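Engineer: here is my input; please provide its structure:
(chains A and B)
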2 protein chains.
Amino acid sequence: MAFSPLVDELVESLRVLPGVGQKTAQRMAFHLLERARSGGSRLGDALGRAMDGVRRCDRCQNFADTDVCGICENPERNTGVLCVVESPSDLLAIEQAGDYRAGYFVLMGHLSPIDGIGPEQIGIDRLVHRVRDEGVTELILATNPTVEGEATAYYIADRLADNNVLITRLAHGIPVGGELGYVDGFTLTHAFRGRKPLAG
Amino acid sequence: MAFSPLVDELVESLRVLPGVGQKTAQRMAFHLLERARSGGSRLGDALGRAMDGVRRCDRCQNFADTDVCGICENPERNTGVLCVVESPSDLLAIEQAGDYRAGYFVLMGHLSPIDGIGPEQIGIDRLVHRVRDEGVTELILATNPTVEGEATAYYIADRLADNNVLITRLAHGIPVGGELGYVDGFTLTHAFRGRKPLAG
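Structural biologist: Prediction:
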């Protein structure tokens, strides 16, 4: 490399970011050094603090700075309903939709025996205890509609089959604003099966 | 936001990177927190060190950790030839081509009166002094073939017109391996004007 050790180290370190290869890392490093030194320093500090300080919430496993996250501590949320999601970005999407005002459980993954990810790794025992101990009345399984997500949902439903809890899954169907001609066959089949009488 | 202050701050700080919006910043933050904590800490340290420690080389204005950069200090390089480039990434491209073994001068920009960037801001006085004082025999103007790059090249050539230095510009023409059908008209015109007799 033609640059100083500090620049080389910065370019190499930037490659830890997802989707960032050698060329992009160079472009980012030069941009920061040429035009955004204070932003770069601020990013460095934020990274240091977040990598050291962010832990998992004791109740829902979501990212948190404290033992229990802000959503779990919020007294205005319905504690009788839990929504199970695979990742913090799924939780964020639901929060941004703005309609759901109850609790979450963040698996941080899905069952994947081939990768050595079993029920313990994603905290299913903790979820089962929580449902039993806290009088949860409805468990919404909002794992992704992939093979692994479906398998994880079925496993959780099976583990809680003997408990007095309503287990639901998000509806599949045509996206609002979508055009029928662009919707795939599986989604259309689900939309037909899930059809409802039109309220008169 | 649904997350902790540390995560929010990390997402916000990541947006200083070029081409990174809210969604990408979230994806990067979650990736680091879920799967690459040590890489994230290393990036934080590298950013801190680079933003504080990287300065400009006193001779060529390229990024350097020390007063004078490694290229300027290299005794094997021809000091009689200087190549003027707009940015460190241009320098890197020339270094990676591997054929050029002389000095550089990095403008870190180009003349742009509308943005308040005049000759002082890109160090042209320093370049002129260096050409006069160090007995430079050839100055290669490798600024970009844009309106601003051409204007900068002409300005430098004009400032050094009375000095005994050969001023050259990189050849324009058909890229090696390119197909004629895909080459734009300006490039083809330049390639015709710059044609050479075939050595027999």
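Engineer: backbone phi and psi for A:Ile117, please?
Structural biologist: phi -100, psi 100 (degrees, to the nearest 10).
Engineer: kindly report the same for A:Pro88.
Structural biologist: According to degrees, to the nearest 10, the main-chain angles of A:Pro88 amount to phi -60, psi -30.
Engineer: give the contact list for it.
Structural biologist: A:62-63, A:106, A:108, B:2-3, B:30 (CB atoms under 8 Å, 6 or more residues apart in numbering or on different chains). Using the backbone N, CA and C atoms, a C-beta is placed for each residue, glycine as well.
Engineer: domain-wise, how is chain A divided?
Structural biologist: Domains of chain A are assigned by automatic domain parsing as A:5-53, A:66-169.
Engineer: residues contacting the most centrally placed residue in chain A?
Structural biologist: Among the residues of chain A, A:Ser87 comes closest to the average C-alpha position under CA atoms, centre = their mean, at 1.7 Å. Contact analysis of A:Ser87 by CB under 8 Å, 6+ apart lists A:106-109, B:30, B:34.
Engineer: one more time with 7 Å
Structural biologist: A:106, A:108, B:30 (CB atoms under 7 Å, 6 or more residues apart in numbering or on different chains).
Engineer: secondary structure element for the last one?
Structural biologist: Using DSSP states H and E, the secondary-structure element containing B:Phe30 is helix B:22-35.
Engineer: now that helix - C-alpha only, CSV.
Structural biologist: Presented in CSV, the C-alpha positions along helix B:22-35 are these (Å, rounded to 0.1, in the frame of the first residue of the first chain):
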residue,chain,number,x,y,z
GLN,B,22,-30.6,5.3,7.8
LYS,B,23,-31.4,1.8,6.7
THR,B,24,-27.8,0.9,5.9
ALA,B,25,-26.5,2.4,9.1
GLN,B,26,-29.0,0.2,11.0
ARG,B,27,-27.9,-2.9,9.2
MET,B,28,-24.3,-2.1,9.9
ALA,B,29,-24.9,-1.4,13.6
PHE,B,30,-26.9,-4.6,14.0
HIS,B,31,-24.3,-6.6,12.1
LEU,B,32,-21.5,-5.3,14.4
LEU,B,33,-23.4,-5.8,17.6
GLU,B,34,-24.7,-9.3,16.7
ARG,B,35,-21.7,-10.8,14.9
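Engineer: now do it: which elements does it pack against?
Structural biologist: helix A:88-97, helix B:5-14 (3 or more CB pairs under 7 Å, 6 or more residues apart in numbering or on different chains; DSSP states H and E).
Engineer: now do that helix: everything it contacts.
Structural biologist: Contacts of helix B:22-35 (CB under 7 Å, 6+ apart): A:17-18, A:50-51, A:54, A:63, A:87-89, A:108, B:7, B:10-11, B:14-15, B:39-40.
Engineer: kindly provide the distance from A:Asp162 to A:Gly103.
Structural biologist: 22 Å (CB to CB, to the nearest Å).
Engineer: give me the more crowded residue out of those two.
Structural biologist: Remark: of A:Asp162 and A:Gly103, A:Gly103 carries more neighbours, 21 against 7, as counted by other CB atoms under 10 Å in any protein chain shown.
Engineer: how about A:Ile174: what's its closest non-neighbour residue?
Structural biologist: A:Ala191 (5.0 Å; CB to CB, 6 or more residues apart in numbering or on different chains).
Engineer: for the one you found, which three-state class applies?
Structural biologist: Following DSSP: H, G, I helix; E, B strand; the rest coil, the label given to A:Ala191 is helix.
Engineer: and the average pLDDT for stretch A:164-171 is what?
Structural biologist: The pLDDT scores in stretch A:164-171 average 90.
Engineer: by mean pLDDT, flag the weakest helix or strand of chain A.
Structural biologist: helix A:185-193 (a mean of 84; mean pLDDT, DSSP states H and E).
Engineer: could you list the residues in contact with it?
Structural biologist: A:172-174.
Engineer: now, of those, which are buried?
Structural biologist: A:Gly173 (16 or more other CB atoms under 10 Å in any protein chain shown).
Engineer: quick one: which of the contacts of helix A:185-193 is nearest B:Gly70?
Structural biologist: A:His172 (59.5 Å; CB to CB).
Engineer: what's the nearest residue to the closest one if we skip its chain neighbours?
Structural biologist: Closest to A:His172 by CB to CB, 6+ apart is A:His190, at 3.7 Å.
Engineer: and the one you found, how far from A:Ala171?
Structural biologist: Counting by CB to CB - A:His190 and A:Ala171 are separated by 8 Å.
Engineer: now the element after the top helix by length along chain A, going C-ward?
Structural biologist: If you go by DSSP state H, chain A has its longest helix at helix A:37-53. Sequence-wise, the next helix or strand downstream of helix A:37-53 (DSSP H and E) is strand A:55-56.
Engineer: any figure for the gap between the residue nearest to A:Ile174 and A:Ala199?
Structural biologist: Taken as CB to CB, the span from A:Ala191 to A:Ala199 is 18 Å.
Engineer: between these two, which one's more packed in?
Structural biologist: Set A:Ala191 next to A:Ala199 and count neighbours by other CB under 10 Å: A:Ala191 wins out with 16 against 4.
Engineer: export the contacts of A:Pro88 to CSV and tack on secondary structure and pLDDT?
Structural biologist: Below are those laid out as CSV (DSSP: H, G, I helix; E, B strand; the rest coil; pLDDT from 0 to 100):
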residue, secondary structure, pLDDT
A:Asn62, coil, 92
A:Phe63, strand, 92
A:Val106, strand, 95
A:Met108, coil, 90
B:Ala2, coil, 58
B:Phe3, coil, 73
B:Phe30, helix, 92
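Engineer: now which of these would you call buried?
Structural biologist: For the contacts of A:Pro88, buried by 16+ other CB under 10 Å: A:62-63, A:106, A:108, B:2-3, B:30.
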